[in-house]
Each structure stands twice: as structure tokens, then as C-alpha cells.
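> the following comprises the amino acid sequence and a computationally predicted model.
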Amino acid sequence: MTQSQTVTVDQQEILNRANEVEAPMADPPTDVPITPCELTAAKNAAQQLVLSADNMREYLAAGAKERQRLATSLRNAAKAYGEVDEEAATALDNDGEGTVQAESAGAVGGDSSAELTDTPRVATAGEPNFMDLKEAARKLETGDQGASLAHFADGWNTFNLTLQGDVKRFRGFDNWEGDAATACEASLDQQRQWILHMAKLSAAMAKQAQYVAQLHVWARREHPTYEDIVGLERLYAENPSARDQILPVYAEYQQRSEKVLTEYNNKAALEPVNPPKPPPAIKIDPPPPPQEQGLIPGFLMPPSDGSGVTPGTGMPAAPMVPPTGSPGGGLPADTAAQLTSAGREAAALSGDVAVKAASLGGGGGGGVPSAPLGSAIGGAESVRPAGAGDIAGLGQGRAGGGAALGGGGMGMPMGAAHQGQGGAKSKGSQQEDEALYTEDRAWTEAVIGNRRRQDSKESK
């Protein structure tokens with residue numbers, strides 16, 4: 001059983017925070033980096049950045065869904081506290097009876113990251129260590145020379161700073177305390193930590209792009225240019241006498257080219273950026289809808305034809321007080337009080353046929369009619385359960401008969417005449433004398449009144 005606790009709640013603060021948490025954050029960059037040159041290592045590096053950026057965007061989208069779930073939980077908590085306020089008001093209206101429970105948080109919600117996977121790794125194979133000198137220079141000089149990589153890096157660096165500046169929404173609450181508040185604040189802090197980590201990964205990916213761009217600049221500076229190589233070859237062809245001096249220069253170019261290509265192949269191999277899955281948001285379900293109340297005890301169940309009359313008898317469902325009374329002038333002046341008392345005691349009547357009407361009326365004397373003390377309401381034809389009002393009415397009918405009998409024995413309950421004459425009871429009439437229903441539920445006392453327990457046994 002949940003233990004009651006004192007909580008501090010500002011419902012509007014929770015609702016405002018839900019709107020804050022759910023508000024869209026900055027969109028990640030969508031720039032696609034292109035290779036700075038035609039070297040295989042450069043192409044692989046650019047492709048790795050594309051895959052990492054795509055996965056970052058997918059993880060960020062999953063994080064947005066979790067923030068929406070968190071906002072929904074906050075709204076559900078605020079709504080629940082609103083209903084708790086109503087329950088508290090009801091409890092106060094009920095003379096302070098009843099308790100109000102603090103809203104508690106449930107388990108985590110659904111997993112929006114179920115489809116997320118690690119970032120694929122691109123193959124790191126590059127050009128062979130030996131490549132034609134002029135072909136290597138041509139490939140190195142073809143492309144945007146790292147311009148798109150620099151733009152890509154700038155975009156993700158800016159995004160990193162934007163994310164870091166947008167975590168205030170995950171702060172704690174000023175006017176909400178309790179178990180649910182603690183759980184929600186923990187979930188908010190998890191989201192904050194995850195956003196900060198995604199910001200760091202954004203900066204790391206930007207550094208990778210910057211590094212490849214700088215690596216390419218270094219390679220261009222260290223590698224012989226295509227123009228230099230073509231000029232050297234032309235000089236070699238046109239000046240046979242200078243070939244002995246030209247060959248060592250060409251060999252040096254080749255050596256420099258191989259060194260640059262080796263460095264490019266090794267250093268351009270990037271690690272994939274693998275973001276963590278967003279933490280699942282805390283789940284607080286909406287308050288259940290109010291339960292529909294059944295028949296209120298004391299209200300009669302109307303017949304199916306809507307007439308308010310018991311089928312087959314033409315009589316109202318509640319037995320009527322007999323119009324005849326004692327020779328002294330009918331019912332006493334305090335009839336209403338006696339009927340109310342009788343209604344309370346009627347609920348305690350046993351099904352024992354030995355109960356006499358005098359036990360209700362309080363007076364002795366007079367013959368007890370052999371017929372049942374209830375009204376003729378159709379007998380076995382009535383198949384519906386008796387409501388509390390029926391029971392109270394039954395008590396009223398018996399009270400009237402008892403009062404008349406106590407005064408002089410002249411009164412007779414309605415319906416008694418048609419049951420037959422004589423002092424002997426048949427087996428069937430004895431069964432009809434048995435109580436059809438005994439009300440013994442404490443929660444109906446507000447309708448039929450308080451009574452002493454086990455009155456039926458004491459009155460025998």
C-alpha cells in the first residue's frame with residue numbers, strides 16, 4: 001500500500017517545464033562533405049564523416065522523441081496532481097475523512113532507440129605505396145581541396161555550442177517535491193548529460209573534418225606538383241645531356257610522393273563516431289478515468305418498461321403502509337420517526353420465519369395473521385435484486401402492520417387477504433415469509449441508517 005506523504009507541487013511549473021522540454025532544439029547540420037581530392041584515402045575519410053553525421057542525426061531525432069515522452073509524463077503528473085487536489089477538496093468536504101496519496105512515477109516508457117545501430121566503418125584501404133608520380137599528383141590536385149570539409153566542421157562546431165547553451169530546460173524544479181519530482185528530475189538530468197555528450201561528439205566530428213582538411217593541405221605542400229613533374233619530364237626529353245642531373249631530381253620526387261601517400265593513407269583513416277542511445281524518459285501514465293458509479297443504495301431499480309411499477313401487480317415496488325390502524329385513530333403522531341426506525345431495523349431482520357410483527361411494532365396482543373407481512377408485489381415473478389430502498393420499504397410495511405397489531409389487533413397488511421384464511425400456514429407460505437434479502441453492508445448506512453448489529457437475534 002502506498003504510504004501517504006506531504007508533497008509540494010506547483011502544477012503550472014510542471015506544465016511550463018513540459019512545454020520547455022518538448023520545444024524543438026536546433027537542427028543538426030545537413031551538409032554532406034565531399035572528398036578533397038581523388039585519392040582513395042581522402043574519399044574514405046569523407047565517406048566516414050557522412051556515415052557518422054547521418055547516425056548523429058538519427059540519434060538526435062530519437063532523443064527528441066524521448067524528450068516528447070518526458071514532456072508527456074510531466075503533463076500526466078500535473079494532471080494527476082490536479083485530480084489529487086480535487087480529491088483533497090472532497091476529503092475536506094467530507095469532514096476530513098479520507099487520504100490523498102502523492103503521485104508516484106512509474107517505469108520508463110517505450111524505447112525510441114530500438115532501431116538505432118552503430119555507425120558503420122568504412123574500409124581504410126588506400127592507394128598502393130608505389131604509384132605513378134604524375135598520376136599521384138593529378139589525383140591529389142583534383143577536388144575542392146578541403147573546402148567542404150572546412151564548411152562541414154564549422155557547422156558541427158556551431159551545433160556543439162548551440163547544444164551546450166540549450167540544456168537549461170533540464171534544470172530542477174523550484175516548487176515540486178516528492179518521489180515523482182525526484183524521478184522526473186533524474187530523468188531530466190539524464191537527458192541533459194546525453195545532450196552534452198552529443199555536443200562533444202559534434203565537436204569531435206568537426207575536428208575529424210578539420211584534420212582531414214589540414215592533412216590534405218600538408219600533402220599538397222609536401223608532394224611534388226603536377227606542373228613540376230610535367231616540366232621535369234619535358235626537360236628530360238628535350239635535354240639528353242642533362243638527363244644525369246634530371247634523374248636524381250625525379251627520384252627525389254618519387255620518394256617524396258611515396259612518403260606523402262603513405263602518411264595520407266595512414267592518417268586519413270577516421271574512426272566512426274558512435275553516439276550513445278538517448279536515455280529512456282521516465283514514464284508517468286495519465287490518471288485513470290473516473291469509475292462509473294453503480295446504483296446508489298436506496299434508489300429503486302425501475303422495471304424494464306419504465307413504468308416504475310412491478311410487473312404483474314400494478315403496485316409500486318416499495319410496499320405501502322396499510323391505511324387501517326388501531327381503534328384509537330390510526331397511526332400514532334410520530335409515525336415518521338417510527339418508520340425511520342423500522343427501516344433501520346428491517347435491514348437486520350433474519351430470514352427466520354419465526355420473527356413476529358410485534359418485534360417491529362413494539363406492542364403486544366392481537367392475533368398475527370397467517371399471511372406474509374409484505375405487500376403483494378408479485379411474489380416469484382419479480383426476479384430483480386432488491387435495492388436498499390426496497391428493503392427500507394419492506395421495513396416500513398412491517399412497521400405499519402406491527403403498530404396496528406400492537407394497538408388492538410385490527411390492522412392487516414396489504415395483500416394478506418388473498419393469501420387465504422385460517423391459522424395454519426402451508427409450506428409455500430412459510431417459504432414466502434422468509435426474507436428475500438438482508439442488507440448487511442456498512443457503506444449503506446448513510447442511506448438506510450445506522451443500526452445495532454445482530455438486532456434480529458436480540459428481538460426474537
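Perfect, I can see it now. Residues are numbered from 1 along each chain as shown.
> strands along the stretch 101-250 of the chain, start to end?
With DSSP state E, counting those that start in this stretch as the criterion, the stretch 101-250 of the chain has no strands.
> where does it have low pLDDT?
Across the stretch 101-250 of the chain, residues meeting the criterion (pLDDT under 70) sit at 101-112, 125-129.
> same thing but at 50, please
By pLDDT under 50, the low-scoring segments of the stretch 101-250 of the chain are 101-108.
> remind me, longest helix of the chain?
Here the longest helix in the chain is taken by residue count, with DSSP state H as the criterion, and it is helix 40-93.
> helices or strands next to that one in the packing?
Helices and strands touching helix 40-93, by 3 or more C-beta pairs under 8 Å, 6 or more residues apart in numbering; DSSP states H and E, are helix 11-22, helix 147-164, helix 179-222, helix 243-267. No exception for glycine: its C-beta is placed from N, CA and C like everyone else's.
> out of those, which comes closest to M56?
When these are compared by C-beta to C-beta, helix 179-222 sits nearest M56, at 6.6 Å.
> next, the angle from the closest one to helix 40-93.
Angle of helix 179-222 versus helix 40-93, following axes from the mean of the first three to the mean of the last three C-alpha atoms, to 10 degrees, is 170 degrees.
> packing partners of helix 179-222?
Going by 3+ C-beta pairs under 8 Å, 6+ apart, helix 179-222 lies up against helix 40-93, helix 133-141, helix 147-164, helix 243-267.
> and of those helices, who's closest to Q190?
helix 40-93 (9.2 Å).
> contacting residues for M198?
For M198, the contact set (C-beta atoms under 8 Å, 6 or more residues apart in numbering) comprises 56, 59-60, 63, 163, 275.
> that one and P276, how far apart?
Using C-beta to C-beta, to the nearest Å, one obtains 8 Å as the distance from M198 to P276.
> next one: V217
Between V217 and P276 the distance, using C-beta to C-beta, works out to 33 Å.
> for the residue nearest to A77 when sequence neighbours are not counted, grab phi and psi.
Closest residue to A77 apart from its sequence neighbours, by C-beta to C-beta, 6 or more residues apart in numbering: I284 at 4.8 Å. Reported as degrees, to the nearest 10, the phi and psi values for I284 are phi -120, psi 110.
> what is the burial count for I284?
Neighbourhood size, I284 [other C-beta atoms under 10 Å]: 27.
> cool, R17 as well?
When neighbours are defined as other C-beta under 10 Å, R17 has 25 of them.
> would you agree it is in contact with R75?
No. Checked against C-beta atoms under 8 Å, the pair R17 and R75 is beyond contact range at 9.7 Å.
> quick one: A150 and A18, what's the gap?
Taking C-beta to C-beta as the measure, A150 falls 40 Å from A18.
> in terms of packing, which of the two has more residues around it?
A count of neighbours by other C-beta under 10 Å puts A18 above the other of A150 and A18, at 22 against 19.
> now do the contacts for the more buried one.
The contact partners of A18, taken as C-beta under 8 Å, 6+ apart, are 70-72, 74-75, 78.
> could I get those as JSON lines with distance to R138?
What follows is the contacts of A18, written out as JSON lines (distance: C-beta to C-beta, whole Å):
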{"residue": "L70", "distance to R138": "55"}
{"residue": "A71", "distance to R138": "56"}
{"residue": "T72", "distance to R138": "58"}
{"residue": "L74", "distance to R138": "60"}
{"residue": "R75", "distance to R138": "62"}
{"residue": "A78", "distance to R138": "66"}
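> distance to P24 and pLDDT for those residues - can I get that in a markdown table?
What follows is the contacts of A18, written out as a markdown table (distance: C-beta to C-beta, whole Å; pLDDT from 0 to 100):
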| residue | distance to P24 | pLDDT |
| --- | --- | --- |
| L70 | 14 | 96 |
| A71 | 12 | 96 |
| T72 | 16 | 95 |
| L74 | 17 | 95 |
| R75 | 17 | 94 |
| A78 | 21 | 91 |
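> which one (most neighbours) among those residues?
L74 (29 neighbours).
> ok, that one - contacts?
Going by C-beta under 8 Å, 6+ apart, L74 touches 14-15, 17-18, 21, 184, 284.
> grab the nearest non-local neighbour of it.
Nearest one to L74, counting by C-beta to C-beta, 6+ apart, is A18 at 3.9 Å.
> I'd like to know how many residues surround D27.
Count around D27 with other C-beta under 10 Å applied: 11.
> ok, now which ones touch it?
Contacts of D27 (C-beta under 8 Å, 6+ apart): none.
> how about the one 10 residues further on?
Taking C-beta under 8 Å, 6+ apart as the criterion, C37 is in contact with 139-143, 145, 216.
> same deal with D132?
Contacts of D132 were listed using C-beta under 8 Å, 6+ apart, and none were found.
> now it: how far from Q254?
Taken as C-beta to C-beta, the span from D132 to Q254 is 9 Å.
> just L201 next, same as before
From L201 to Q254 the distance is 41 Å (C-beta to C-beta).
> more neighbours, these two?
Neighbour totals were compared for L201 and Q254, and L201 leads with 21 against 17 (other C-beta under 10 Å).
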